[in-house]
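[1] show me how the following folds:
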Amino acid sequence: MANEEPGGLARPEAADEVLDEVIEDIVEAAPVGSSLPTPRSWQRFLPRRRNLAIWVILASLGPGLVTANAGNDAGGIATYAQVGATYGYRMLWVFPLILVALAVVQEMAARMGAATGKGLTDLMRENFSIQMTALVMLALLAANGGTVVSEFIGIAASVKLVHEGAQFIAVPLISLGLWLIVVRGSYRSVEKIFLLMTLVFFAYPISAIIARPDWGQALKHTVVPSIQTNTSFLFVLIATIGTSITPYMQVYIQSAVADRGITERDYTREKIEVYAGSIIANLVAMFIVIATAATLYAHHQTIRDAADAARALAPIAGPHAEILFATGLFGASMLAAAVLPLATAYAVTEAIGVEKGIGAGLREAPIFMGIFTGLIVIGTIIALIPGLPIIQSLLVVQVIDALLLPFILFSILRLVNNRRLMGNMVNGPIYNAIARLTAFVVTGLSLAYVGVTLSQATGLLKT
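    Purely as a prediction, here's the structure:
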């Protein structure tokens, strides 16, 4: 046994040979177009046999993690902070339900991208009527336009926390940087930058721990529902759903999976990543609620925007919590400010059937890059207007997203159950049940909110 030491233990040289073989298998199984290192180059980063599992996991991360965490944007932070500041821990029960719905919806969209190699609106154009496609596109553009503006407002607010007036210089420079990253980069390079941006979301669990919440109450309200029937509660509930399962997320993840070249053969890794991304995004949202419940709600403080939430944590949880919260706000806004214009550009160009994609460039895909550029410019300009009402406009955008969500969900369900398109990757009964229930619940809540609002306006119902 030349490769063994006394006692039957493999020598380090033999272990390295085995590790090389494992890495070669990983590289061979990687999706087409991926950029994993060569087997020997991995040895520079791997201390012999340790950390292999970590690197395998990191190698598989991509659209699922980016998309799910992009939903925790400036509007999401403002919404979750409002939930914690207004209702304490009492709305935490909503998030496990949202997690199931988010994971199912994201996975369906990703699976369609892998099965068909096409984006969502591309499939809608080919399989739906012109009127139906146009209706969904107009609604999507309206919702996305407002959300894009909110992301740049979030960037401006986070920079303003560091230095008053710095946003007038920083926001245009950041916008230019985001534009250059996408226009000048390949999909893989852009995706790696997006993945780095998601690291800032670890700021929120740290903020929650620093705030010293009542974990017993948090756990109790996570499993025991607490429901109110007033307009304010319904508004915040719908906004929470709308910001957690945002329509543009489904458009982006399907286009990103297709653009990445993921196919049915290598889809299992992407499926795991979609689930992991949904769990991480959901936990981040819960930690934002817990942090603000332990500080703002416990001390009867209110907020006007996400920046106020960061400031309000300072005297209670210390300056580090404020910095962490502000860092999270900046990173979340940056990520969504890049992802959302891309999702919108994908949606429009797919719907009209013209060239699209990050790798296509300005010359090959002028409409795609034009839409992306225009949304960034508009968002930058509006975000720098002084005195904008922030918190209410952000919540309204999330409610609009929730109102649009059923249209997207029913469209996805119709396509994902089409065996001609999906082959053996069609939906199963459990996925259909969860997706349909999600669509019906969101529709019901939206109708209930409209009904209560009209009743109050006409005097039939008192506030």
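
[2] which strands and helices sit next to the strand or helix carrying Ala291?
    Secondary structure from DSSP states H and E places Ala291 in helix 267-292. Contacting helix 267-292 under the criterion 3 or more C-beta pairs under 8 Å, 6 or more residues apart in numbering; DSSP states H and E are the following elements: helix 52-60, helix 63-70, helix 74-87, helix 94-116, helix 203-210, helix 231-244, helix 306-317. For the C-beta atoms, the positions are set from N, CA and C on the backbone; glycine is no exception.

[3] by contact count, what packs against the helix or strand where Leu445 lies?
    Using DSSP H and E, Leu445 sits in helix 429-457. Packing partners of helix 429-457 (3+ C-beta pairs under 8 Å, 6+ apart): helix 94-116, helix 231-244, helix 391-416.

[4] now for the ones you listed, which one comes closest to Ile280?
    Shortest separation from Ile280 across those is recorded for helix 94-116, at 10.4 Å, computed as C-beta to C-beta.

[5] mind listing what's buried along the next helix or strand after the closest one?
    Remark: after helix 94-116, the chain's next helix or strand is helix 120-127, criterion DSSP H and E. Going by neighbour count (16 or more other C-beta atoms under 10 Å), the buried part of helix 120-127 is Leu120, Thr121, Asp122, Leu123, Met124, Arg125.

[6] again, but for stretch 156-169
    Ala156, Ala157, Ser158, Val159, Lys160, Leu161, Gln167.

[7] the closest residue to Ala402 other than its chain neighbours - how many residues pack around it?
    In this structure, Ala402 finds its nearest non-sequential neighbour in Gly242, 3.1 Å apart by C-beta to C-beta, 6 or more residues apart in numbering. Gly242 has 30 neighbours, counted by other C-beta atoms under 10 Å.

[8] what of the one 3 residues further on?
    For Ile245, the number of neighbouring residues by other C-beta under 10 Å comes to 26.

[9] quick one, what contacts it?
    Applying C-beta atoms under 8 Å, 6 or more residues apart in numbering, we find Ile245 in contact with Gly71, Ile98, Ala101, Leu102, Val105, Leu405, Thr438.

[10] against Leu395, how distant is the residue nearest to Ala402?
    9 Å (C-beta to C-beta, to the nearest Å).

[11] where does the stretch 301-450 of the chain have low pLDDT?
    304-322, 324-325, 328, 356-362, 387-394 (pLDDT under 70).

[12] 90 instead?
    Where the stretch 301-450 of the chain drops to pLDDT under 90, the residues are 301-375, 379, 382-412, 423-424, 428, 431, 435-436, 438-450.

[13] returning to what we had before: can you redo the buried residues of helix 120-127 as CSV with distance to Thr246 and pLDDT?
    Converted to CSV, those look like this (distance: C-beta to C-beta, whole Å; pLDDT from 0 to 100):
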residue, distance to Thr246, pLDDT
Leu120, 13, 84
Thr121, 15, 81
Asp122, 20, 82
Leu123, 19, 89
Met124, 18, 87
Arg125, 21, 84
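
[14] got those residues as TSV, with distance to Arg212 columns?
    As requested, these are exported to TSV (distance: C-beta to C-beta, whole Å):
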residue	distance to Arg212
Leu120	43
Thr121	46
Asp122	49
Leu123	49
Met124	49
Arg125	52
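
[15] looking at those residues, spot the one nearest Ile206.
    Leu120 (35.4 Å).

[16] centre of the chain to stretch 136-144, how far?
    Relative to its parent chain, stretch 136-144 has a centroid offset of 18 Å by C-alpha atoms, centre = their mean, to the nearest Å.

[17] ok, back up a step: how about the residue nearest to Ala402, what does it touch?
    Counting by C-beta under 8 Å, 6+ apart, Gly242 touches Gln398, Val399, Ile400, Asp401, Ala402, Leu403, Leu405.

[18] my guess is Lys160 contacts Ala166, does it?
    Yes: between Lys160 and Ala166 there is a contact under C-beta atoms under 8 Å: 6.8 Å.

[19] thinking again about what came up before, so how far is Ile209 from the residue nearest to Ala402?
    Taken as C-beta to C-beta, the span from Gly242 to Ile209 is 28 Å.

[20] again with Ala218
    12 Å.

[21] the two: which has the busier surroundings?
    Ala218 (19 against 16).

[22] quickly find the element holding that one.
    Using DSSP H and E, the element containing Ala218 is helix 215-223.

[23] what's that helix packed up against?
    Helix 215-223 sits against helix 94-116, with contacts defined as 3+ C-beta pairs under 8 Å, 6+ apart.

[24] okay then, goodbye and thanks.
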